[in-house]
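>>> pasting the sequence and the predicted model now:
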Amino acid sequence: MNTHDHIVKSYDAEIARLIGEIAAMGELASAQLDAAMDALEKRDSRAAQVVADNDDALDAREREISQDVLRLLALRQPIARDLREILAALRIASDIERIGDYAENVARRSMALNQSAPVPLAGSLTALAAAAGEMVRDVLRAYVARDAQAARVAWERDAELDALYTGLFRELLTYMMEDARSITACTHLLFIAKNLERIGDHATNIAEEIWFVVEGELLRESREGRARRP
């Protein structure tokens, strides 16, 4: 093996390791979301506190990935797709960290919600959470596989998530108008629903990064009402 081949092989190994770190971080964020929703549904404040406490682990992983990215930029001076790959890794790690933050917010809101009487519509969050969680898992699989088309499919499902959020938002407002005693609990549910909707937005951001890495161009279609970072 000549020197050039050795350098290429070494670089490929570093990229593979970086992808693995991001995939593991994504799995942790996805697990955080599942655990937060489980704590919410069971009204388990202790479990919710565990989710909140675990957010530090995601923050630490993002810092490690940022350091790895900076090291690769300094040592390898990548160009073209290699540069897109490394910069996308930095942005995707940031999106995953934000997903973890929103999962933490869900957990903390659930603890506050447990101070009020149960609200029947809390179960309506299940579909919203399931859609958000599935989007996150789908884009993570697409990232590891470098599957731009799978990333686009997940990207297009953001409209479904937005529709679920809008429907739940209207239901909760109606419930509050009909029963003033539910206002506090429904307000917490509204914030939880918004956190779940924002998780979907960050999954969509990741899908756009995957498309850019693979195709070398932006997903140019805009969706009204979608916010970009953060």
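Received it, and whenever you're ready, just let me know what you need.

>>> quick one: distance of stretch 186-198 to the chain centre.
Averaging C-alpha positions (CA atoms, centre = their mean, to the nearest Å) puts stretch 186-198 15 Å from its chain's average.

>>> list the buried ones in that stretch?
186-198 (16 or more other CB atoms under 10 Å). For the C-beta atoms, the positions are set from N, CA and C on the backbone; glycine is no exception.

>>> ditto for stretch 152-165
Quick answer for stretch 152-165 (16+ other CB under 10 Å): 152, 154-155, 157-158, 161-162, 164-165.

>>> report the secondary structure state of L58.
Using DSSP: H, G, I helix; E, B strand; the rest coil, the structure places L58 in helix.

>>> how about it, what does it touch?
25, 28-29, 32, 96-97, 100 (CB atoms under 8 Å, 6 or more residues apart in numbering).

>>> which ones among these lie within helices?
Among the contacts of L58, the ones falling in helices (DSSP state H) are 25, 28-29, 32, 96-97, 100.

>>> ok, then the element right after the worst-scoring helix or strand of the chain on mean pLDDT?
Lowest by mean pLDDT, DSSP states H and E among the helices and strands of the chain is helix 3-42, with a mean of 85. Proceeding C-terminally, helix 3-42 gives way to helix 45-53 as the next helix or strand, assigned by DSSP states H and E.

>>> make a markdown table out of the ones in helices among the contacts of L58 and add distance to T126 and neighbour count.
Below are the ones in helices among the contacts of L58 laid out as a markdown table (distance: CB to CB, whole Å; neighbours: other CB atoms under 10 Å):
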| residue | distance to T126 | neighbour count |
| --- | --- | --- |
| M25 | 25 | 24 |
| L28 | 22 | 18 |
| A29 | 19 | 28 |
| Q32 | 17 | 25 |
| I96 | 23 | 30 |
| E97 | 25 | 22 |
| G100 | 20 | 30 |
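
>>> what helices or strands is the helix or strand where L128 lies leaning on?
Assigned by DSSP H and E, L128 belongs to helix 125-145. Judged by 3 or more CB pairs under 8 Å, 6 or more residues apart in numbering; DSSP states H and E, the packing partners of helix 125-145 are helix 3-42, helix 148-156, helix 158-178, helix 183-215.

>>> any idea which of these is most buried?
The highest mean neighbour count among the helices and strands packed on helix 125-145, using mean count of other CB atoms under 10 Å, belongs to helix 183-215: a mean of 23.

>>> what mean pLDDT does stretch 103-114 have?
The average of the pLDDT scores along stretch 103-114 is 96.

>>> now that stretch - C-alpha only, PDB.
Extracted in PDB, the C-alpha atoms of stretch 103-114 (Å, rounded to 0.1, in the frame of the first residue of the first chain):
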ATOM      1  CA  ALA A 103     -37.100  15.500  25.000                       C
ATOM      2  CA  GLU A 104     -35.800  17.000  28.300                       C
ATOM      3  CA  ASN A 105     -38.400  19.700  28.100                       C
ATOM      4  CA  VAL A 106     -41.200  17.100  27.600                       C
ATOM      5  CA  ALA A 107     -40.000  15.300  30.700                       C
ATOM      6  CA  ARG A 108     -39.900  18.500  32.800                       C
ATOM      7  CA  ARG A 109     -43.300  19.500  31.600                       C
ATOM      8  CA  SER A 110     -44.700  16.100  32.500                       C
ATOM      9  CA  MET A 111     -43.500  16.600  36.100                       C
ATOM     10  CA  ALA A 112     -45.400  19.900  36.300                       C
ATOM     11  CA  LEU A 113     -48.400  18.200  34.600                       C
ATOM     12  CA  ASN A 114     -48.400  15.600  37.400                       C
END
